[in-house]
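In: Build the 3D model from these lines:
(chains A and B)
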Amino acid sequence: MTLYAVIFYVLAIVILVSTLLAITRRQPVHAVLYLIVAFLGTAALFFLLGAPLLAAFVVIVYAGAIMVLFLFVIMMFQRSPRELMLLSEWGPATLLGVVFLAVAAAMVFKDPGSGIVLQGAVAQPHDFGRFLFDRYWLAVEIVSILLLVALVAIIQLSKTRGAGGAAEQRGIISNGVKEGRQ
Amino acid sequence: MIVPLGHVFLLAGIIFAMGLVCLVAHRNLIMTLIGVEVMMNAAAIAFIAAALRWQMMEGQAFVLFILAVSAAEISLGLALVVSVYRRTGSVDPDRYDILKW
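Out: Sure thing, here's the model as predicted:
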């Protein structure tokens, strides 16, 4: 077992444990904090598997931006709702996950190619960027349009309420819900 | 010489299954979005392993697009959660019964 293999298994254990802790928390804040650990482990795994630029992107975008966004949104809620960990909900879900995992593992290990040992190689950021804009420039443009569309949609969503949107002005939705709650 | 390809795929599969369980079992929209995020992470790990196995950079390019799509999806999802929380005062999907009569 080489040093790289040892590093891989240590990283795998870190990612698995922190993800498991994240998905079983009842408080979303704790889940997000554990998920940051999982994403940092994923970034190290990307670095090990020869993608240094993507490792940097995962740290910046996932662990940096998206998780901070999660934390801000959680702070906007007045009280964090307490969840009951009901067996009637977690039992079928866990069963589904185990069945999926068994099928996936059987498929992976039935393939004779799964035993091939990975050879180390590094895609330098310079080469990767040149490759991306050489061959997939159209996809990059489409993704930028997707981000623009998401931005417009978010601005529209957050504006509707403040400016008194159509449903709010008619008072149908909010009044109906308030009466329903009381 | 790192590890067999199957071990990386198995790791990705376990993470994907955990994200699936999180997505299905929780009754909180924030935790549901976290489950989606974990599943995207697993897909990215599988793509990186495949890129290293066949020594082609297409896999890494796909991971870049997965990152962008995931960022757009999560930001839009969180905006929807905030919007629906303002309307109903809850993030529990079971409380969204406006259309029920």
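In: Count the residues that sit near A:Ser144.
Out: Residues contacting A:Ser144 under the criterion other C-beta atoms under 10 Å in any protein chain shown number 11. In this view, the C-beta of every residue, glycine as well, is placed from N, C-alpha and C.
In: And A:Pro92, by the same measure?
Out: 13.
In: Quick check: A:Met76 vs A:Ile15, distance?
Out: 29 Å (C-beta to C-beta, to the nearest Å).
In: likewise B:Val82?
Out: Computed as C-beta to C-beta, the B:Val82 to A:Ile15 distance reads 29 Å.
In: coming back round to it: between A:Met76 and A:Ile15, which has more neighbouring residues?
Out: A count of neighbours by other C-beta under 10 Å puts A:Ile15 above the other of A:Met76 and A:Ile15, at 24 against 11.
In: Can you tell me the closest non-neighbouring residue to the more buried one?
Out: In space, and not counting its chain neighbours, A:Ile15 is closest to A:Gly41: 4.2 Å by C-beta to C-beta, 6 or more residues apart in numbering or on different chains.
In: What residues of the helix or strand harbouring A:Val14 count as buried?
Out: Assigning secondary structure by DSSP states H and E places A:Val14 in helix A:3-24. Across helix A:3-24, burial judged by 16 or more other C-beta atoms under 10 Å in any protein chain shown covers A:5, A:7-8, A:11-12, A:14-16, A:18-24.
In: by contact count, what packs against that helix?
Out: Here helix A:3-24 is seen to pack against helix A:28-48, helix B:5-25, helix B:29-53 when contacts are counted using 3 or more C-beta pairs under 8 Å, 6 or more residues apart in numbering or on different chains; DSSP states H and E.
In: relative orientation of the last one and helix A:28-48 in degrees?
Out: It refers to helix B:29-53. Helix B:29-53 and helix A:28-48 are oriented at 10 degrees to each other (axes from the mean of the first three to the mean of the last three C-alpha atoms, to 10 degrees).
In: Please apply the same query to the second one.
Out: When the same axes, to 10 degrees is applied, the directions of helix B:5-25 and helix A:28-48 differ by 160 degrees.
In: chain center to helix B:5-25: distance?
Out: 11 Å (C-alpha atoms, centre = their mean, to the nearest Å).
In: What mean pLDDT does it get?
Out: Across helix B:5-25, pLDDT averages out at 92.
In: and it, does that touch chain A?
Out: Yes. Using C-beta under 8 Å from any C-beta of the partner chain, helix B:5-25 comes into contact with chain A via B:5-11, B:13-22, B:24-25.
In: Which residue, neighbours along the chain excluded, lies closest to residue 40?
Out: In the absence of a named chain, chain A is used. In this structure, A:Leu40 finds its nearest non-sequential neighbour in A:Ala63, 5.6 Å apart by C-beta to C-beta, 6+ apart.
In: The intended chain is chain B.
Out: Nearest non-adjacent residue to B:Met40, counting by C-beta to C-beta, 6+ apart: B:Ser70, 4.5 Å away.
In: In contact with the one you found, which residues?
Out: B:Ser70 sits next to A:Tyr62, A:Ile66, B:Glu37, B:Met40 when contact means C-beta atoms under 8 Å, 6 or more residues apart in numbering or on different chains.
In: That's all I had, so thanks and see you.
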